[in-house]
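1. Make a model of this:
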Amino acid sequence: MEHRTNVTEFIFVGLWENKQIELLFFFFFLLCCLAILMGNFIILLTITCSHLIQQPMYYFLCHLSLMDLGYTMTVIPRLLRDLVAARKNISYNSCMTQLFAAHLLAGVEIFILVSMAFDRYVAIVKPLHYMVIMNRERCSMLILVAWGLGFWHSVALLMVVVNLPFCGPNQVDHYFCDVKPLLKLVCKDIRIVNILMIANSGIVLIIVFLVLFASYIVILYHLRNHSSAGRRKALSTCSSHIMVVLLFFGPCIYVYLLPPDYENKDKEISVFYTVLSPLLNPLIYSLRNVEMKIAIQKVWSKIAYSKFH
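-> As a prediction, the model looks like this:
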């Protein structure tokens, strides 16, 4: 018998079912949201208003901040609304839109992180050819490729989900529309879909993570030939990248590599890449980077001076 989708809305279970805890965490996530907006806005303004925009590393960092802002706005506002709402509902179309947007922005972010690793590889392994290889045209091309791959990933995922029948249960055990909790509500055998989902998300994440891991091993190997001052500067930058990669990829691999019917803590773990990673990225890149700290001081001093004179 062919099942058809007759679900017009989904109801989120949310992170907690205790109203007092939800109200407490409403203020926590609200502060996180404001901190993400402020942190990434500072990075964007500092880079675009200083000489740093000319450097490939900061050009990529600018785009990474934009992805973090977009991803945050896709997930956190609805989470905040649901923490104080009596009914955590979302229409079918809004759910599919959120699913597409979240995977598009996360996919683009993944490939921007790859571009940043490639940039550091060229800077350390081929320093004499760095400005030729990492010219603005190539950097822009890498950003376009990141958008293309992110779009392909999210469209493929969306096409699978919209063609699945949801014909009864509509309670999503999560706080936003993601593919795994939605697959648990499908009313047909989805073993092949599970394999496709793991291939699209989980295996891609593993491959990209291994590529990034291998690139940083090569970078660290080549650093032995640098002076101690050059080594310290390169290690400071690379350690920031590695921290961001681990923060983002670790929880993502855990969530997307395991099949939907596997009992785990998906929604709790996903807080790491939906809230904590965008929150910590600006801190990691600004507090651990001397060049960034100097640029922030200059830009904001200039803004303060122009405001009062």
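2. hey, let's count contacts and neighbours off CA atoms from now on
-> OK.
3. got the buried residues for stretch 143-153?
-> 143, 145-147, 149-151, 153 (16 or more other C-alpha atoms under 10 Å).
4. and which of the residues you listed is nearest to T237?
-> Minimum distance to T237 across those is 20.2 Å, recorded for I143 (C-alpha to C-alpha).
5. The closest one touches L113, doesn't it?
-> No - contact between I143 and L113 fails when scored by C-alpha atoms under 8 Å: they sit 10.4 Å apart.
6. May I see the buried residues of stretch 29-40?
-> 29, 32-33, 35-37, 39-40.
7. can you pull the pLDDT of N264?
-> On the pLDDT scale, N264 is placed at 64.
8. whoops, I mixed them up, C95
-> 92.
9. Surely it is in a helix?
-> Yes - assessed with DSSP: H, G, I helix; E, B strand; the rest coil, C95 lies in a helix.
10. Once you drop chain neighbours, what's closest to it?
-> C177 (5.5 Å; C-alpha to C-alpha, 6 or more residues apart in numbering).
11. does the one you found count as helix, strand or coil?
-> coil.
12. Count residues in the vicinity of it, would you?
-> When neighbours are counted by other C-alpha atoms under 10 Å, C177 registers 23.
13. Give me the distance between it and S115.
-> Noted for C177: a distance of 28 Å to S115, by C-alpha to C-alpha, to the nearest Å.
14. and the residue nearest the centre of the chain, what is it in contact with?
-> By C-alpha atoms, centre = their mean, the mean C-alpha position of the chain lies nearest to A106, the distance being 4.2 Å. Contacts for A106 (C-alpha atoms under 8 Å, 6 or more residues apart in numbering) come out as 67, 71, 150.
15. from these, which is closest to Q98?
-> For these, the nearest to Q98 is Y71 (9.8 Å; C-alpha to C-alpha).
16. Make sure that closest one is actually in contact with Y273.
-> No - with contact defined as C-alpha under 8 Å, Y71 does not reach Y273; the gap is 9.6 Å.
17. what ranges do the helices span in the protein?
-> 19-48, 56-84, 92-125, 130-133, 136-162, 179-183, 191-197, 204-222, 228-257, 266-269, 271, 277-287, 290-308 (DSSP state H).
18. mind putting the buried residues of stretch 29-40 in CSV, distance to I124 included?
-> Shown next, in CSV, are the buried residues of stretch 29-40 (distance: C-alpha to C-alpha, whole Å):
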residue, distance to I124
F29, 39
C32, 35
C33, 35
A35, 33
I36, 31
L37, 32
G39, 28
N40, 27
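19. so how many other residues sit close to T8?
-> Neighbour tally, T8, other C-alpha under 10 Å: 12.
20. before we move on, back to that, how about the contacts made by the residue nearest to C95?
-> With C-alpha under 8 Å, 6+ apart, C177 has these contacts: 95-96, 98-99.
21. can you tell me how far it sits from Q171?
-> 11 Å.
22. before we move on, what about R138?
-> For R138 relative to Q171 (C-alpha to C-alpha), the value is 46 Å.
23. ditto for L52
-> 47 Å.
24. again, but for Y58
-> 42 Å.
25. swap in G150?
-> 28 Å.
26. who has more neighbours, R138 and Q171?
-> Between R138 and Q171, counting by other C-alpha under 10 Å, Q171 is the more crowded of the two (18 against 13).
27. pLDDT below threshold where in the chain?
-> 1-5, 226-227, 229-230, 233-234, 259-264, 287-288, 304-309 (pLDDT under 70).
28. Out of the buried residues of stretch 29-40, the closest to K88 would be?
-> Closest to K88, out of all of those and judged by C-alpha to C-alpha, is F29, at 16.5 Å.
29. Verify the contact between that closest one and L80 for me.
-> Yes - the criterion here is C-alpha under 8 Å, and F29 meets it with L80 at 7.0 Å.
30. G70 - how many residues pack around it?
-> 17.
31. what does Y121 give?
-> Around Y121 there are 21 residues (other C-alpha under 10 Å).
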